[in-house]
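Undergrad: After the sequence you'll find the predicted model.
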Amino acid sequence: MAGKPKLHYFNGRGRMESIRWLLASAGVEFEEKFIDTPEDLDKLKNDGHLMFLQVPMVEIDGMKMVQTRAILNYIATKYNLYGKDIKERALIDMYTEGMADLNDMILMLPMCPPDQKEAKIAQIKEKTTNRYLPVFEKVLKSHGQDYLVGNRLSRADIQLVELLYYVEEVDPSLMANFPLLKVLVEACRESCYAKDF
């Protein structure tokens with residue numbers, strides 16, 4: 001039997017967080033090897049384990065996988081969280097790519113110069129409530145199901161719920177007008193927390 005997946009990243013959420021969530025929602029135990037020093041990262045680079053010289057990197061099934069989307073696709077496929085057919089996978093890809101734009105804006109917020117932070121937060125709030133969250137609320141409303149695709153938990157739901165937690169950290173009131181997204185968060189909690197998520 002293969003060992004637990006091993007996750008190599010800094011001791012923070014960042015680009016590894018969605019990978020952690022996906023593994024946890026599949027009920028897969030994993031180990032984390034935190035990169036605590038520049039030397040730790042240099043060792044991974046010098047050993048040739050980082051194809052593009054950056055993390056995250058996940059050791060799984062005898063591979064040393066890099067690139068967040070590739071890792072997510074592999075895990076989602078392996079654990080049946082990537083739709084039942086090509087049409088569902090296309091929807092999942094479309095939704096997660098749409099989420100990536102807002103996710104990146106929020107992830108980069110801590111690196112924003114102090115004199116630009118207020119404007120960046122205002123931009124995030126505006127795009128959250130007027131562009132991104134209405135799309136996902138509309139998807140849920142259009143088919144009357146608890147999940148985005150196929151009425152079952154998928155990579156898209158997991159990544160959206162992770163993003164919604166980030167949104168709430170920016171400003172909890174941003175979720176006020178999106179009742180179906182709140183239901184999705186609860187559905188994912190029930191599905192995932194039962195697995196020590």
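TA: Yes, it's here.
Undergrad: CA atoms for contacts and neighbours, from now on please.
TA: OK.
Undergrad: How are the helices of the protein distributed by residue range?
TA: With DSSP state H, the ranges of helices along the chain come out as 17-25, 38-46, 68-78, 86-108, 114-127, 133-143, 155-170, 179-193.
Undergrad: on contacts alone, who are the packing partners of the first one?
TA: When you say that, I think you mean helix 17-25. helix 68-78, helix 155-170, helix 179-193 (3 or more C-alpha pairs under 8 Å, 6 or more residues apart in numbering; DSSP states H and E).
Undergrad: any idea how far the second one is from the chain center?
TA: Spelled out, it's helix 155-170. Here the centre of helix 155-170 is set off from its chain's centre by 7 Å, with C-alpha atoms, centre = their mean, to the nearest Å.
Undergrad: out of the helices and strands packed on helix 17-25, deepest packed?
TA: Among the helices and strands packed on helix 17-25, the stretch with the highest mean neighbour count (mean count of other C-alpha atoms under 10 Å) is helix 155-170, at a mean of 20.
Undergrad: where in this structure is pLDDT low?
TA: 1-2, 191-197 (pLDDT under 70).
Undergrad: tell me the domain boundaries of it?
TA: 6-78, 86-193 (automatic domain parsing).
Undergrad: circling back: the helices of the chain: which one's closest to residue 5?
TA: With C-alpha to C-alpha as the measure, helix 17-25 is the member of the helices of the chain nearest residue 5 (9.0 Å).
Undergrad: That closest one to helix 155-170, inter-axis angle?
TA: If you take axes from the mean of the first three to the mean of the last three C-alpha atoms, to 10 degrees, helix 17-25 sits at 120 degrees to helix 155-170.
Undergrad: Can you dump the C-alpha atoms of helix 17-25 in CSV for me?
TA: Output in CSV follows, covering the C-alpha atoms of helix 17-25 (Å, rounded to 0.1, in the frame of the first residue of the first chain):
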residue,chain,number,x,y,z
GLU,A,17,-4.7,25.1,1.2
SER,A,18,-7.1,23.9,-1.5
ILE,A,19,-5.0,20.7,-1.8
ARG,A,20,-5.3,20.1,1.9
TRP,A,21,-9.0,20.6,1.7
LEU,A,22,-9.4,18.3,-1.2
LEU,A,23,-7.5,15.5,0.4
ALA,A,24,-9.4,16.0,3.7
SER,A,25,-12.7,16.0,2.0
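Undergrad: No further questions, thank you.
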